[in-house]
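A.B. asks: structure for the following, please:
(one chain, ligands or ions: 3)
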Amino acid sequence: MIAEVFVDIPAAPVDRAFDYLVPEDWIGTLQIGMRVTVPFGTTRRLGFVTQLKTETAFEHLKALDALIDPQPVLTDELLNLGRWLADTTLCPTVAAYQAMLPAVMKAEYRKQLIILDEARLTHDFPELQRVFAGVAPEWETLVKEAPQLLKSLQKALNEKVIIVRQVVKNQAKIKELPACRPAVPKEKLHAALEALDARSQRQKDVLAFFEQHASDTYIALKELTGMHQLSRTAIHRLCEKGLLELGKIEAKRDPYAGKARNQTHKLPLTQEQRAALTPIDTAITQEESRVFLCHGVTGSGKTEIYLQAIEHVITSGKQAIVLVPEIALTPQMVERFKRRFGEAVAVLHSGLSKGEKFDEWRKIRNGQVSVAVGARSAVFAPFQKLGLIIIDEEHESSYKQEDQPRYHARDVAVHRARQHHCPVVLGSATPSLESFARSQKKVYTLLTLKERFNHHPLPPVSIVDMREEMRSGNHTVFSGTLFEKLKERFVRNEQTVLFLNRRGFSTFVMCRSCGTVIKCPHCDISLTYHREGNLLKCHYCGYQQQVPETCPSCGSDSLRYFGTGTQKVEAELARLLPEARVIRMDVDTTRRKGGHEKLLRAFGDQQADILLGTQMIAKGLDFPKVTLVGVLAADSMLHLPDFRASEKTFQLLTQVSGRAGRHDLPGEVIIQTYTPEHYAVVDASQHDYLRFYQEEMQIRYRRGYPPFYYLVLINLTHPEPAKAAEAAERIAAALRRHLSPDALIYGPVVPAIARIKDRYRYQCMVKYKRESALLPLLRKINSHFRETGKNGLQLSIDLNPVVLM
Ligand code: ADP
Ligand code: ZN
Ligand code: ZN
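C.D. replies: Ligands and ions are numbered 1, 2, ... in the order given. Prediction:
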């Protein structure tokens, strides 16, 4: 029998499976979807078996080396999905397969040292004898533990006394606990119990316990000594007597276990909620792969709709996937699913250890759970009978993976739903323009929730013009209005959330007296400050200019490189309102595992008056005592060199505003800005998604951006700028030659970050509507590059990019 195997070779010239002989003993056991190791050249690599057959066109096949999995890790559906991903995102198939599995199941390669010439080793390298005694040592270990031997090792390698063999390490280990069980029938246990005298009371306790619980299953020692308070010594004595036997059981690392939780139950739905749930229920019952866009204001009860739809899926014997953005940032959301469905939920997120993630994944693979809640990659949860996929906050950019495979979870969800004949629900208070446009064209079914479930109005939003604050001599980050309200809340013992977008580090240049941001004359996108050469550059067309001395529009000399960090604000709060207790939440304060959750809990328990944070506090928070939300600088995201800057601003402002007054206390929102007239700011302040959508669509239309055009971004990097530029030039030329005149081809240009890790970057961008020649051409560029492109060049092709810098 022959196996087709996709082998993990990162720089393979071609993306195809290789044939290997299946060892006789494995026939009947080996199945497609299992991982194996295979000899490849002089090394051992990890591979995925994708096909079993009896014929091959090749001679002298090598045999498979080792079988890693007892059961397939990829289902047939996922194997096909991997091919589809490879095809549509232009990545190697094996990269797609690895992306579907928990990180811990990725291959880790080690270099094992093997003796070739025993006699010479003894004679010429006596110092090495000890490390080779009875073992094949690993290079990685020796580097760490015996650096003094490296010179000799290298010499021995050069002289072919020893050789290096690549081995694949399987990191995915099941954690086991010592356990024990009766070794004899119940009657014998009883007899032994009777025979013991009173001095052996502790052994009697153990025997009595097992007499009651007599069964063949092992019980963890930890449980016996802990929960049942039995003596460990007594247990061991009884094992020695042959009455009990020791063994192992699998330890489940359930990061959510042990938390006391009140189960929640179905809530009676509002009319709007019911109207939204009904068509979803119908699609579940009728097995239609329809896509719903659930557009509901913050607090309208979308999550309750998800919960009830999932309940329907579970009762019909199927499974559901729920995607949430960067799950570590939304602990409250995860908790709601856990509280409704308890043990039926597996949670996959970046805050878990590798082992924990592996265990959660196996619960899904083994069918022990019916719901998977997780970030982007949970879209690959290996369920067999999917009944529903939900993507909450569907507009979030974290659903797009920036590394190979560059997939968007939404596209994968829609594709999987088609295979499983199940609906997809995209939910958001501020849908992406792409999705809303599709709902307008009836590609997606729109479900609208206009009201908060409790009919509380959305909080009133005031816009504060920071230019006037400037003019009246206020140089702090707080406007008079915001500071007054902040103090008010403090006095009333209510809480405030202050939001500062950190993404806007000092990238754009703005005039502090008139609010003018210096933009590209050709692109209507802000220019980015580059310290090198003191230049302002356009990241789209390559235009550049010197930083002017004075504001080109009002002549004042108060041009500033914009950007205030959270730390600076924290310091200012300490100066202005020293009594207030502040919790700062940003990348720096939440780095440790669970740090985010801890800070939020502290704020929820009212251990602080003010929560100050970056966009990580914008999502999903629900605190009854929060009655004021302040946005310190709405502009910081408005002028990023990104055509989605307005959309992101609108989304963020809307989301942040939704944090105020969700319960009984009425809330309000203050937005500070230097551009109070900008439509993204105005529309967000009026909670008017539809108007924003229409205004932004017109601009996208005029500028030729999605959803009117598709984009492809081609990135080239090289340690020498000229090499990257030249390759980009050739690719741009090929695109111009082969694509239709309707396709717009830009570049090569230098991106915002011109150099990353000492590699210089160049980009080409294509805007297009329909280009049948494009994908085949990109594939060709890709494979041509893989064949010849070593020389230090790196190419990446991103279809429908989310990050353009
Ligand atoms: P969204 O996800 O749309 O922002 P949520 O689902 O978080 O809204 O709902 C906001 C709050 O309203 C939550 O505390 C939720 O428990 C509550 N809620 C939602 N629907 C109902 C309902 N039908 N009856 C009572 N409370 C509800
Ligand atoms: Zn000015
Ligand atoms: Zn430009």
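
A.B. asks: now the helix or strand that contains Arg120: buried residues?
C.D. replies: Arg120 is located in helix 118-124, with elements delineated by DSSP states H and E. Buried residues in helix 118-124, counting neighbours by 16 or more other C-beta atoms under 10 Å, are found at Leu121. Glycine gets a C-beta too; all of them are placed from N, C-alpha and C.

A.B. asks: and the contacts of the lengthiest helix in the chain?
C.D. replies: Determined from DSSP state H, the single longest helix within the chain is helix 721-738. By C-beta atoms under 8 Å, 6 or more residues apart in numbering, the surrounding residues in contact with helix 721-738 are 714, 716-718, 743, 745, 747-748, 759-764, 766, 773, 777, 781, 789, 791-793, 795.

A.B. asks: pull out the buried positions in that helix.
C.D. replies: Pro721, Lys723, Ala724, Ala725, Glu726, Ala727, Ala728, Ile731, Ala732, Ala734, Leu735.

A.B. asks: repeat for stretch 11-25
C.D. replies: By neighbour count with 16+ other C-beta under 10 Å, stretch 11-25 contains the buried residues Ala12, Asp15, Ala17, Phe18, Asp19, Tyr20, Val22, Pro23.

A.B. asks: ditto for stretch 687-705
C.D. replies: For stretch 687-705, a neighbour-count test (16+ other C-beta under 10 Å) marks His687, Asp688, Tyr689, Phe692, Tyr693, Glu695, Glu696, Met697, Arg700, Tyr705 as buried.

A.B. asks: wait, which of those residues is closest to ligand 3?
C.D. replies: When the buried residues of stretch 687-705 are compared for distance to ligand 3 (C-beta to the ion), Tyr705 wins out at 13.5 Å.

A.B. asks: contact partners for that closest one?
C.D. replies: With contacts defined as C-beta under 8 Å, 6+ apart, the neighbours of Tyr705 are Phe643, Leu711, Lys767.

A.B. asks: what do you get if the cut-off is 7 Å, keeping everything else the same?
C.D. replies: Phe643 (C-beta atoms under 7 Å, 6 or more residues apart in numbering).

A.B. asks: next, it: secondary structure please.
C.D. replies: coil (DSSP: H, G, I helix; E, B strand; the rest coil).

A.B. asks: related to what we said a few turns ago, now, which of the buried residues of helix 721-738 sits nearest Leu149?
C.D. replies: Lys723 (39.0 Å; C-beta to C-beta).

A.B. asks: gap between the closest one and Arg759?
C.D. replies: Lys723 is 10 Å from Arg759, where distance means C-beta to C-beta, to the nearest Å.

A.B. asks: swap in Gln546?
C.D. replies: Counting by C-beta to C-beta - Gln546 and Arg759 are separated by 26 Å.

A.B. asks: could you pull out the strands for the stretch 501-650 of the chain?
C.D. replies: Applying DSSP state E, counting those that start in this stretch to the stretch 501-650 of the chain gives strands spanning 509-511, 528-530, 535-537, 544-546, 559-561, 582-585, 610-613, 626-631.

A.B. asks: what does the stretch 101-250 of the chain give?
C.D. replies: Using DSSP E, counting those that start in this stretch, strands in the stretch 101-250 of the chain cover 108-115, 162-169, 176-182, 219-220, 244-250.
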